[in-house]
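Student: Sharing a sequence plus its predicted fold:
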Amino acid sequence: MFDSTQRSFHRPAVIAGGLAVFTVYLAAMAPGIFWRDSMEFCLLGHQLDIGHPAGSPTFSLLSKALSFLPLATLAWRANLLSVLGALAAVFLLYRAAVAWLETLRFAAPVPARLFGAVAALGFAFSPAFWSWSEVAEVYSLQAAVLAGLLWMAALAYQAADDYRWPAAIGLLLGLSCGIHMVQILYAPAFGLALCVGSRWRLRWRGLLLMIGFFFLGFAVFAYLPVRSSTGLPYDYGNPETWDAFLAQITGRKYSGVIHHFPWQRIGFDLKSLFSHFWDQLNPVLAVGALIGLGVLAARAPRLALLVILIFFGHLYLYIKDWYRAFGYIPLFLLEALLGGLGLARLGQWATRRGKSGAAGLIAAAALLSAGVAVWGVGRNWAECDRHTHDLAQRHGNGVLASLPTGAILVGFQDALAYNMFYQQLIEKWRPDVRFIHRVWLAYPDELARRFPALRLADYDPNRPGDAQRMLLASAGPGGVYWDYGWETQPLIEPANLTPHGVIYRLAAEPWDGVQTAADRDLWRKYFLTVLNSPLVAPRGYDWTAQEIYSRAFHLRAKLQVDARRWPAAEAEAKLALHIRPDFAEYHSFLGLVYLAEKQYENALAEMDEALQLDSLCAPCYYYRGQLHAALKDRQGSLADYRRSFALQPANLDLAISLAHAYLINGMPAEALSVLAQHRRGNLNRRQWVENLVLTAATYRQLNRCGDVAATLYQLRRLEPGHPAIKRFGQDCGLPVEPTTTEGK
């Protein structure tokens with residue numbers, strides 16, 4: 001234990017260290033809204049709104065409490081919550097590391113506290129954790145809860161018969177699911193590690209208390225249907241019915257990513273993760289973590305099991321499609337904890353064999369704790385400093401200012417929709433503009449409640465193009481505008497979109513491909529200054545802005561392709577590559593444009609470069625398959641389509657191309673399987689027509705003329721004059737008018 005002198009020194013040192021960390025974080029905190037989900041989390045505390053799955057009720061309530069502070073703007077207060085969460089995470093990680101060191105007897109009290117500071121300060125200034133603790137997000141609070149749970153786990157390990165600890169851990173786990181639902185995947189780790197005794201004997205009382213108090217904490221989710229029933233401004237998923245509630249808390253919309261994924265991607269993402277383990281913390285802590293895991297497994301297998309199960313529980317949710325470091329922040333916290341353990345054990349070993357003794361170990365640990373803090377701040381300040389960042393604000397202001405009076409703006413892409421929704425709801429930039437979030441388009445009753453003037457008679461969100469009809473009928477002279485997302489869903493026809501700055505205007509007739517002078521003026525007036533900012537430049541840290549602006553050019557290029565204006569498409573595609581030169585899909589798309597221009601060598605060069613950048617790029621194989629098809633290489637085309645389909649089985653256009661490749665390679669059964677599977681998907685009108693034409697061709701190749709007739713009947717209802725109706729009808733000797741019934 002500390003003597004009185006050590007105690008009097010310890011408290012001021014911890015307070016001074018905490019103030020120093022808080023000062024650095026506050027200096028780097030963003031002044032207002034930031035990109036991505038951060039803008040949504042600025043909203044949640046305003047009127048206790050409900051966010052994207054799983055709804056984040058615990059976060060919402062904490063954010064609401066902080067929103068009462070009479071300081072700055074609502075966005076600033078929401079960002080402050082992240083800073084305070086980060087400060088709590090650093091302090092609790094320090095306490096956890098000290099508790100684990102004392103439990104395992106890896107260090108005396110004074111060195112234990114110093115090595116705990118090494119772990120905490122190393123994690124505090126790791127780039128992913130630090131940068132996403134400067135803006136409104138759940139990551140810092142999620143890290144704080146995990147650090148607190150690890151601290152409590154050490155105390156529970158020491159007092160194995162004190163069942164209050166399992167109960168407290170269960171309660172905190174349940175509450176923390178309302179911050180981020182990944183926490184539920186950590187529950188088995190704590191249950192197995194703390195409720196199983198020697199010789200694997202189950203401590204039933206502790207386990208039942210942990211489970212019971214977990215559900216008590218998890219009951220915070222009952223807030224969602226109650227709050228949703230009050231008619232909120234922002235109510236994601238409307239979780240008022242039992243089915244909608246389950247869909248919200250289970251993240252049903254993400255099930256395709258979570259449970260169905262290409263196995264090939266896991267190896268690629270694991271390589272990224274292991275490189276992150278080295279990059280996020282300093283090399284000393286990274287090496288210490290390897291030592292720490294080894295000695296922990298030897299000294300306390302149950303605690304080692306706890307760490308390993310948390311690690312794999314987190315991986316299950318993220319490893320399928322995540323390569324950015326900030327998705328793995330809890331794993332870097334575990335790495336920092338293990339690093340502190342490993343360095344302390346190494347110091348203990350060196351003290352026993354050296355001549356410096358305890359005083360030398362204390363001095364070395366003190367220097368190391370100061371060193372990791374200086375290393376982290378000096379190395380990562382430029383990446384993590386967001387105190388002058390106003391790009392998201394300027395971007396949203398530019399979009400809203402560019403719209404005519406009385407316009408309708410559909411926010412489909414979350415990275416942009418939250419931005420403008422915040423500015424409309426909180427800052428009230430354009431009261432005359434009706435902002436429709438994409439989620440509401442699926443619920444006619446919700447649209448009627450929010451926008452009584454919309455013409456919703458006969459509106460069916462499941463009918464291809466019906467949203468387009470309804471919006472145009474309701475718009476008036478202000479017009480309808482769409483941000484992103486049109487390229488992946490059937491609510492509107494992409495051919496009817498015209499570029500309007502970085503968003504798109506929806507018109508009644510297909511676009512002729514000519515860019516207007518007004519559109520060019522919009523770029524210069526509102527968006528060029530953002531685009532030219534060093535934060536958006538290819539080497540800038542703000543990769544979200546890079547993503548948004550490069551994608552704007554990429555989608556403009558797609559519209560030019562639809563209009564068969566190849567030089568214009570090439571110019572737009574090159575601009576997208578200028579912003580993100582290392583993005584494989586943009587290289588392959590430029591190759592596709594070269595293919596249309598019959599520049600075959602250039603096309604192949606771009607596609608090969610794309611696959612060198614990312615050998616698991618599904619669109620890259622898809623586009624190269626089209627190149628092989630144009631070059632009459634049927635086998636090469638089929639091989640590339642199959643590789644792409646294995647990586648991206650939900651892509652409807654790819655499924656149609658693969659089915660066509662199967663058909664021309666004499667494999668009608670395989671073609672029919674792919675087509676049947678994707679006729680159950682959410683197809684737009686063009687995809688339905690192409691699917692039906694290929695289905696009819698496949699049945700014709702199989703000499704199943706009865707099925708040809710039934711398919712042509714469906715095709716006639718969508719596009720009565722399609723030439724395939726006459727061609728396949730004559731092949732099968734069918735009458736000009738179909739004789740089949742709809743139910744056949």
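Tutor: Thanks, I have the structure now.
Student: in the chain, what secondary structure element scores lowest on mean pLDDT?
Tutor: helix 255-259 (a mean of 58; mean pLDDT, DSSP states H and E).
Student: List of residues touching stretch 304-322?
Tutor: Outside stretch 304-322, the residues that touch it by C-beta atoms under 8 Å, 6 or more residues apart in numbering are 146, 153, 182, 185-186, 188-190, 192-194, 257-258, 261, 265-266, 269-270, 273, 293, 296-297, 327-328, 330-331, 334, 337-338. Where you see a C-beta, it was placed from the backbone N, CA and C, and this is true even at glycine.
Student: Next step: the residues you listed restricted to helices.
Tutor: 146, 153, 188-190, 192-194, 257-258, 265-266, 269-270, 273, 293, 296-297, 330-331, 334, 337-338 (DSSP state H).
Student: What residues sit buried inside stretch 447-457?
Tutor: For stretch 447-457, the neighbour count (16 or more other C-beta atoms under 10 Å) marks 447, 450, 454 as buried.
Student: between the residues you listed, which is nearest residue 664?
Tutor: residue 447 (44.0 Å; C-beta to C-beta).
Student: Now the closest one: which helix or strand?
Tutor: helix 444-450 (DSSP states H and E).
Student: Quick check: what element follows that helix along the chain?
Tutor: helix 466-475.
Student: So which elements touch the helix or strand just after that following helix?
Tutor: Following helix 466-475 in sequence order, the next helix or strand is strand 480-482 (DSSP H and E). With contacts taken as 3 or more C-beta pairs under 8 Å, 6 or more residues apart in numbering; DSSP states H and E, strand 480-482 sits against strand 408-411, strand 503-506.
Student: starting at the chain centroid, how far to the last one?
Tutor: When distances are taken as C-alpha atoms, centre = their mean, to the nearest Å, strand 503-506 is centred 24 Å away from the chain's centroid.
Student: How about residues contacting the helix or strand following that strand?
Tutor: Next in sequence after strand 503-506, counting helices and strands by DSSP H and E, comes helix 517-522. Residues from elsewhere that reach helix 517-522 (C-beta under 8 Å, 6+ apart): 402, 498, 499, 500, 501.
Student: farthest pair in those?
Tutor: 402 and 498 (13.1 Å).
Student: Could you give me the buried positions within stretch 306-326?
Tutor: Neighbour counts using 16+ other C-beta under 10 Å place 306-311, 313-315, 317-320, 322-323, 325-326 of stretch 306-326 among the buried residues.
Student: What about those residues, which are in strands?
Tutor: If you go by DSSP state E, the buried residues of stretch 306-326 have nothing in strands.
Student: In helices only, show me the residues you listed.
Tutor: Those of these lying in helices (DSSP H): 306, 307, 308, 309, 310, 311, 313, 314, 315, 317, 318.
Student: for those residues, which one is nearest residue 734?
Tutor: residue 317 (51.9 Å).
Student: So which bits of stretch 74-85 are buried?
Tutor: Quick answer for stretch 74-85 (16+ other C-beta under 10 Å): 74, 75, 76, 77, 78, 79, 80, 81, 82, 83, 84, 85.
Student: so where does the fourth one fall, helix or strand?
Tutor: Same thing as residue 77. Assigned by DSSP H and E, residue 77 falls within helix 74-104.
Student: Would you mind listing which of the ones in helices among the contacts of stretch 304-322 are buried?
Tutor: 146, 153, 189-190, 192-194, 265, 269, 273, 293, 296, 330-331, 334, 337-338.
Student: surely residue 405 meets residue 434?
Tutor: No. Taking contacts as C-beta atoms under 8 Å, residue 405 lies outside contact range of residue 434: 11.5 Å.
Student: Which one's more surrounded, those two?
Tutor: Shown here are residue 405 and residue 434; by other C-beta atoms under 10 Å, residue 434 has more neighbours (21 against 11).
Student: Would you mind measuring from that one to residue 160?
Tutor: 60 Å (C-beta to C-beta, to the nearest Å).
Student: do residue 90 as well
Tutor: Distance from residue 90 to residue 160, by C-beta to C-beta: 29 Å.
Student: Tell me which of these two has more neighbours.
Tutor: residue 90 (29 against 16).
Student: and the helix or strand that the helix holding residue 77 is followed by, what's its mean pLDDT?
Tutor: The first helix or strand that comes after helix 74-104 along the chain, using DSSP H and E, is helix 109-124. Average pLDDT, helix 109-124: 89.
Student: Output the below-cut-off pLDDT ranges for the stretch 401-550 of the chain.
Tutor: For the stretch 401-550 of the chain, the stretches flagged by pLDDT under 70 are 413-416, 488, 538-539, 541.
Student: any idea how far residue 599 is from residue 733?
Tutor: 45 Å.
Student: For residue 231, what is the enclosing helix or strand?
Tutor: Residue-wise, residue 231 maps onto no helix or strand under DSSP H and E.
Student: That one: neighbour count?
Tutor: By the measure other C-beta under 10 Å, the count of residues near residue 231 is 10.
Student: Now do the helix or strand hosting residue 726: which elements does it pack against?
Tutor: Assessed by DSSP H and E, residue 726 sits inside helix 723-731. When contacts are defined as 3+ C-beta pairs under 8 Å, 6+ apart, helix 723-731 packs onto helix 685-701, helix 705-718.
Student: would you list the ones you listed in TSV and tack on mean neighbour count?
Tutor: Rendered in TSV, the data for these read as follows (neighbours: other C-beta atoms under 10 Å):
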stretch	mean neighbour count
helix 685-701	21
helix 705-718	19
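Student: With mean pLDDT and distance to residue 115 added, can I get these in a markdown table?
Tutor: Shown next, in a markdown table, are these (pLDDT from 0 to 100; distance: least, C-beta to C-beta, whole Å):
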| stretch | mean pLDDT | distance to residue 115 |
| --- | --- | --- |
| helix 685-701 | 82 | 59 |
| helix 705-718 | 84 | 69 |
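Student: Now distance to residue 551 too, for those helices, in TSV please.
Tutor: Below are the helices and strands packed on helix 723-731 laid out as TSV (distance: least, C-beta to C-beta, whole Å):
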stretch	distance to residue 551
helix 685-701	22
helix 705-718	31
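Student: Which one, of the ones you listed, ends up nearest to residue 348?
Tutor: Smallest distance to residue 348 across the helices and strands packed on helix 723-731 (C-beta to C-beta): 65.0 Å, for helix 685-701.
Student: Let's see the closest one as CSV, backbone CA atoms only.
Tutor: The C-alpha trace of helix 685-701 is given here as CSV (Å, rounded to 0.1, in the frame of the first residue of the first chain):
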residue,chain,number,x,y,z
ARG,A,685,-37.7,-1.0,-63.7
ARG,A,686,-34.6,-1.4,-66.0
GLN,A,687,-33.4,-4.4,-63.9
TRP,A,688,-36.8,-6.0,-63.9
VAL,A,689,-36.9,-5.8,-67.7
GLU,A,690,-33.4,-7.1,-68.2
ASN,A,691,-34.1,-9.9,-65.8
LEU,A,692,-37.3,-11.0,-67.5
VAL,A,693,-35.7,-10.8,-71.0
LEU,A,694,-32.8,-13.1,-69.8
THR,A,695,-35.2,-15.4,-68.0
ALA,A,696,-37.2,-15.8,-71.2
ALA,A,697,-34.1,-16.4,-73.2
THR,A,698,-32.9,-19.0,-70.7
TYR,A,699,-36.3,-20.9,-70.8
ARG,A,700,-36.1,-20.8,-74.6
GLN,A,701,-32.7,-22.4,-74.5
